[in-house]
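J.: have a look; sequence and predicted model below, questions after that.
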Amino acid sequence: MIKQANNYANLHTFIKLKDSEFRKLSLFIYKNYGINIPITKKTLLESRLQKRLKELQLRSFKDYLKIVINEEENKEIVKMIDRVSTNKTDFFREKAHFDFLSEKALVNFLLKDDLKIWCAASSSGEEVYTLGITVEEFIKNNKANFNYSILGTDISTEMLNKGILGIYDEERIQNIPLSLKRKYFLKSKDKAKPVVRVTKELRDKATFKRHNLIENNYPTTTDFDIIFCRNVLIYFDKPTQEKIIMKLCKRLKKGGYFFLGHSESIIGINAPLRQLAHTTYQKI
Ligand SMILES: C[S@@+](CC[C@H](N)C(=O)[O-])C[C@H]1O[C@@H](n2cnc3c(N)ncnc32)[C@H](O)[C@@H]1O
């Protein structure tokens, strides 16, 4: 009887995150993942982690901190990052970049035989598949013959798994032109579940891997022709942004293209890049 009452309390009680616990947790997230969570976001962190604490049947953030900070396998840390990071993304988000690729950049790869693209911070895969559609369309429209592959990396395993599956609610593709929808998405036969799946042809061109941008390692030994790193640097402070940009530039081929999110820039960072258009750069 007592046990039942306790479980009830555990399921329905809002667990408070004390300021001291917040400081410890945010410092830990910053040191290990470069994600800066200011005190103004305390309530957000507190509410995003409620469900996880309840799943683990914990009664306080003190107990949660013990697990996160002391565990060796990092499994809980991965789950925590899934909850605290913002995964907002979309097909053809910031379309100007995809227009730039089709109209100006891809023509430079006509004579090459293998185009390598890295989509760092790929979230649930929409950006990877938009790149795939853009390249496929370019190849078809220009009767080109080059091979290509796209690597999508993210810190969130939950998002990576969505990308691997390539299944999305149908409403997510409502703004894509019908001709592209028909070519690159398959509708589910189940009318009760309005979802679409990216075609196998496109999925086969994509590989997804977990990779933390602030660590010093790389997800592969490949050098890339195009790197997308959009809408993730905003979460980091300037020194971390610089470190990430320099790291990505090392894997970008000379003449290769580099793209940032609409509110990000390389101002004040001594990167080997020249600006071609808004948030669009080329390695020098
Ligand atoms: C707002 S989404 C942007 C997705 C996509 N690039 C776009 O512009 O639509 C940010 C993504 O960055 C990922 N992320 C956050 N910190 C990261 C890190 N340290 N390393 C790699 N990915 C990270 C998050 O998991 C999330 O999926």
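T.: Sure, I can see it.

J.: residue contacts, the closest residue in space to residue 29 that isn't next to it in sequence?
T.: Closest residue to residue 29 apart from its sequence neighbours, by Cβ to Cβ, 6 or more residues apart in numbering: residue 35 at 5.3 Å. For glycine as for every other residue, the C-beta is placed from the backbone atoms N, C-alpha and C. By Cβ atoms under 8 Å, 6 or more residues apart in numbering, the contact set of residue 35 is 29, 81, 84, 85, 235, 236.

J.: quick one: which of these has the most company?
T.: Counting neighbours by other Cβ atoms under 10 Å, residue 85 comes out on top of those with 22 neighbours.

J.: give me phi/psi at the closest residue to that one other than its chain neighbours?
T.: Sequence neighbours aside, residue 156 is the residue nearest to residue 85 in space, at 6.1 Å (criterion: Cβ to Cβ, 6+ apart). The phi/psi pair for residue 156 (degrees, to the nearest 10) reads phi -90, psi 120.

J.: go ahead and confirm residue 156 touches residue 122.
T.: No. The pair residue 156 / residue 122 is not scored as a contact, 9.6 Å apart, by Cβ atoms under 8 Å.

J.: which one of the two is surrounded by more residues?
T.: residue 122 (31 against 22).

J.: so for the more buried one, what's the pLDDT?
T.: For residue 122, the pLDDT comes out at 98.

J.: repeat for the one 5 residues further on
T.: What the model reports as pLDDT for residue 127 is 98.

J.: list the helices and strands the helix or strand where it lies packs on?
T.: Using DSSP states H and E, residue 127 sits within helix 126-141. For helix 126-141, the helices and strands in contact under the criterion 3 or more Cβ pairs under 8 Å, 6 or more residues apart in numbering; DSSP states H and E are helix 96-100, strand 114-120, strand 147-154, helix 178-184, helix 200-203, strand 206-210, strand 224-229.

J.: give the buried residues for that helix.
T.: Within helix 126-141, the residues that qualify as buried by neighbour count (16 or more other Cβ atoms under 10 Å) are 126-139.

J.: just give me the neighbour total for the closest residue to residue 225 other than its chain neighbours.
T.: Excluding the flanking residues, the one nearest residue 225 by Cβ to Cβ, 6+ apart is residue 256, at 4.9 Å. Neighbour count of residue 256, defined by other Cβ under 10 Å: 22.

J.: hmm, residue 280 and residue 256 touching each other?
T.: No. When contacts are counted by Cβ under 8 Å, residue 256 is not listed as touching residue 280 (12.0 Å).

J.: give the bridge partners for residue 197, please.
T.: According to DSSP bridges, the partner residues bridging residue 197 are residue 167, residue 186.

J.: and it, what does it touch?
T.: With Cβ under 8 Å, 6+ apart, residue 197 has these contacts: 165, 166, 167, 168, 185, 186, 188.

J.: returning to that earlier point: now the residue nearest to residue 29: which helix or strand?
T.: Using DSSP H and E, no helix or strand contains residue 35.

J.: is the ligand within reach of stretch 221-241?
T.: Yes. Counting by Cβ under 6 Å from any ligand atom, the ligand is contacted by stretch 221-241 at 230, 231, 232, 235.
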